Each structure stands twice: as structure tokens, then as C-alpha cells.
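Colleague: take a look and give me a structure for this.
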Amino acid sequence: LENLDLSFRSRQSGETGIYINSDLKITHRILGELTYNQWKGGSNFIDKNKIRLGLGYLANPKISFKLLNYLEDFNLEGQGKKISTTTLISMYEFKKDFDLQLRINYKRKDELNEKTDAGDIQFILKFPFLKNSFFKSRVKYSNFDFSEANNSSFAFYLEEDLKLKENLFLLVQYVSKNYADENRLDTQSVKIRLEVG
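Modeller: The predicted structure follows:
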């Protein structure tokens with residue numbers, strides 16, 4: 001173990017903080033959401049926070065919309081990265097546990113003297129596949145900086161979430177990413193995760 005590199009560890013390792021979430025039913029069609037999260041980094045001990053405000057609208061039993069805004073500050077005591085993200089989620093439910101989602105994200109990053117506008121659009125289809133399992137297919141187009149050409153990617157996801165036992169879950173995911181920038185290598189990966197909870 002003398003060659004073990006301890007710098008490769010979970011980003012959440014050693015973090016401490018609080019998390020508060022409140023869901024509000026304003027009317028039978030309009031829902032509100034408020035989330036506050038403040039934590040201290042496990043390696044740098046910098047205080048950070050995230051605030052999420054949301055408003056949802058149920059057009060009818062099958063169609064719903066949600067607008068969310070995330071405000072993230074990665075250094076409450078001084079200068080550092082700040083991110084504001086606005087997300088629009090629309091969902092059409094064909095039937096119970098079988099739905100199609102459209103997600104549009106606009107993100108503004110503020111790092112010292114540099115500001116970056118980015119965004120992505122996703123189509124997500126989720127439905128029951130096998131007994132006690134869900135199948136999810138996702139197509140995502142991302143632009144990492146609106147001010148630069150060829151700074152985008154196209155990703156395709158396939159995901160199977162299987163409930164093996166009451167508290168045992170298996171997640172299998174295939175991801176293929178293709179970049180517009182020819183200097184970046186396209187990637188393919190398979191992820192397998194076993195969860196107990």
C-alpha cells in the first residue's frame with residue numbers, strides 16, 4: 001500500500017453541513033419548493049452553500065411543468081466560483097411510471113474575472129422493463145461555453161435500475177459521448193453500482 005495515492009477519493013469525503021427542504025402546495029395545481037444546503041469541504045474546509053427555488057404547475061393529470069433556479073456559492077468567506085442555473089422540466093406521463101421528460105438548463109458561471117454562459121437540453125424516456133426494474137434512455141446535447149465554437153457534446157445514455165431485494169438495488173448504465181472539438185476524445189463507458197439502503 002506504500003504507492004497508494006490518497007488524492008483519488010470521493011469529493012464528499014469528510015464534508016459536514018446541513019440540508020433543509022420544504023415542498024409547498026400552493027393550490028391543487030401549483031407547487032412550490034425551497035431547498036437550502038450549506039456545507040464545509042472535507043479537504044479545504046471552505047464553507048459553501050446551495051439554494052434551490054422551484055415552482056411547478058400541473059396542467060392536467062398527464063402534463064406537468066417545473067421551473068427551478070439554483071444559486072451555488074463555493075466560497076462564502078471570499079472570492080470563488082459562483083454558479084446560477086435555471087432549469088425548465090416538462091413531463092408527459094403516458095401512464096403510471098411511464099413518462100417522457102424534456103429538460104432545458106441555462107447556466108452562468110462566475111469565477112473571479114471570468115464569466116461563462118453554458119447550457120444543455122435533454123430528452124429522457126423512463127418506463128418499467130422487467131419485474132421490479134426501470135429502464136431509462138436519455139439523449140443530451142451540451143454547450144459548455146456559448147461564446148466559443150465547437151465547444152459542445154452529444155451524449156447518449158442507457159440505464160437499467162433493478163430492485164434485487166427489499167433493500168438491495170443494482171444500477172447498470174451505458175454512456176456514449178461525442179465531442180464537437182476534434183481535439184477531445186469521444187468516450188464510451190459502462191457503470192455498475194450496487195446500493196444497499
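
Colleague: mind showing which ranges of the protein have poor pLDDT?
Modeller: 1-13, 43 (pLDDT under 70).

Colleague: what do you get if the cut-off is 90, keeping everything else the same?
Modeller: 1-17, 39-48, 74-81, 96-97, 111-114, 129-132, 148-150, 165-167, 196-197 (pLDDT under 90).

Colleague: which SSE is residue 118 in?
Modeller: strand 114-128 (DSSP states H and E).

Colleague: identify each buried residue in that strand, please.
Modeller: 116, 118, 119, 120, 122, 124, 126 (16 or more other CB atoms under 10 Å). (Each C-beta comes from the backbone N, C-alpha and C, glycine too.)

Colleague: of those residues, closest to residue 61?
Modeller: Proximity of the buried residues of strand 114-128 to residue 61 (CB to CB) peaks at residue 126, which lies at 17.4 Å.

Colleague: please name the nearest non-neighbouring residue to the closest one.
Modeller: Counting by CB to CB, 6 or more residues apart in numbering, residue 126 lies nearest to residue 136, which is 4.6 Å off, once chain neighbours are set aside.

Colleague: now do residue 142
Modeller: Per CB to CB, 6+ apart, closest to residue 142 is residue 120, 4.0 Å.

Colleague: got the contact list for that neighbour?
Modeller: Contacts for residue 120 (CB atoms under 8 Å, 6 or more residues apart in numbering) come out as 103, 104, 105, 140, 141, 142, 143.

Colleague: thought residue 140 was touching the second one, still the case?
Modeller: So the one you mean is residue 104. No - taking contacts as CB atoms under 8 Å, residue 104 lies outside contact range of residue 140: 11.0 Å.

Colleague: the two: which has the busier surroundings?
Modeller: Using other CB atoms under 10 Å as the criterion, residue 104 and residue 140 rank with residue 140 on top: 18 against 13.

Colleague: I'd say the more buried one and residue 155 touch.
Modeller: Yes - applying CB under 8 Å, one finds residue 140 in contact with residue 155, separated by 4.5 Å.

Colleague: noted, bye for now.
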